[in-house]
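Colleague: give me a 3D structure for the following:
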Amino acid sequence: MTTDISFGYGYKEFYDKAYYRYTEHDVKNNDPRSDYDMAEYYRNAGEKQKSETYYKKSFTAWQQYAKLGLPEACYFLGYFYQYGYGVTEDRSKAEEYYKQAYDEFVKYQGNPSYLYFLGRLYESGYYEGKLGKTDYKKASHYYSMAASFGYPDAFYRLGYIDALQGKAAN
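Modeller: Below you'll find the model as predicted:
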C-alpha cells in the first residue's frame, strides 16, 4: 500500500520557480536523480503518463550505476520495484536491491549521506534484513542526524514525514 501525499499548489509553484529550470537542464544531460525529480514532480501534479516516462528513464540510468556498486543506485532500484514506478512492482526484487544498498551504505558510516540513505531505507520499510512496514520514527532519527551535518535532502525528508504525520492526524 502506497501512502501518497500531495503538497498542492504551493509546492508546485515553489518547485516551478526554484527548481524546474535546473532540473530540466540536468534531465537533458541524462542525470538519473533529475529524471527521478521530474517523475515525482509530475506524479504530484497528477500527470501519470509523464511521470512514468521519467521513472523509466531514471530506472534505466540507475541500473547502469548499480552495476558499478553505487549504493544510491541500488536504493533507487529497490524503491522503483517496491512501488512499481517505471517497472512492474516486485517486492522480492525491491528487497534484494535494498539489501545491496544497505551492504554498501555500511561502508560509509562516517558520511552524512550514509545516515540519510539509512533513513530512506527505514522510510521505505527495509530494515533488519527484510522489507516490512515503514518506520517513520527511525527514519526521522537518521534524517535528523544527517541534517545535523547540513545534508540538504535530509531536511526535505523530515518535512515530508511531518506532512505525512500531520495528514494522518487530520
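Colleague: buried residues, the helix or strand encompassing Ser51. List them.
Modeller: Ser51 is part of helix 48-67, with elements assigned from DSSP states H and E. Residues 51-59, 61-62, 65-66 are the ones in helix 48-67 that count as buried (16 or more other Cβ atoms under 10 Å). For glycine as for every other residue, the C-beta is placed from the backbone atoms N, C-alpha and C.
Colleague: which one of those residues sits closest to Lys130?
Modeller: Ala66 (20.1 Å; Cβ to Cβ).
Colleague: pLDDT score assigned to the nearest residue to that closest one once chain neighbours are set aside?
Modeller: Nearest non-adjacent residue to Ala66, counting by Cβ to Cβ, 6 or more residues apart in numbering: Ala73, 4.1 Å away. For Ala73, the pLDDT comes out at 90.
Colleague: again with the one 4 residues further on
Modeller: At Leu77 the predicted local distance difference test score is 93.
Colleague: what residues are up against Arg120?
Modeller: Tyr75, Tyr79, Ala139, Arg157 (Cβ atoms under 8 Å, 6 or more residues apart in numbering).
Colleague: what about it, which SS state?
Modeller: Here Arg120 is helix, with the state taken from DSSP: H, G, I helix; E, B strand; the rest coil.
Colleague: per-residue confidence at it?
Modeller: So Arg120 comes in at 88 (pLDDT).
Colleague: please, where are all the helices along the chain?
Modeller: 8-18, 20-28, 32-44, 48-67, 71-83, 91-105, 112-124, 136-148, 152-169 (DSSP state H).
Colleague: make a markdown table from those and add distance to Lys130 to it.
Modeller: Shown next, in a markdown table, are the helices of the chain (distance: least, Cβ to Cβ, whole Å):
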| stretch | distance to Lys130 |
| --- | --- |
| helix 8-18 | 33 |
| helix 20-28 | 34 |
| helix 32-44 | 25 |
| helix 48-67 | 20 |
| helix 71-83 | 12 |
| helix 91-105 | 7 |
| helix 112-124 | 11 |
| helix 136-148 | 15 |
| helix 152-169 | 22 |
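Colleague: what about Leu131, how many residues nearby?
Modeller: 19 (other Cβ atoms under 10 Å).
Colleague: and Tyr108, by the same measure?
Modeller: For Tyr108, using other Cβ under 10 Å, the count is 14.
Colleague: pLDDT weak spots in this protein?
Modeller: 1-31, 109-110, 166-170 (pLDDT under 70).
Colleague: quick one, domains of it?
Modeller: 1-90, 109-170 (automatic domain parsing).
Colleague: CSV for the ones you listed, including distance to Gln100?
Modeller: Listed next are those as CSV, based on distance: least, Cβ to Cβ, whole Å:
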stretch, distance to Gln100
domain 1-90, 4
domain 109-170, 11
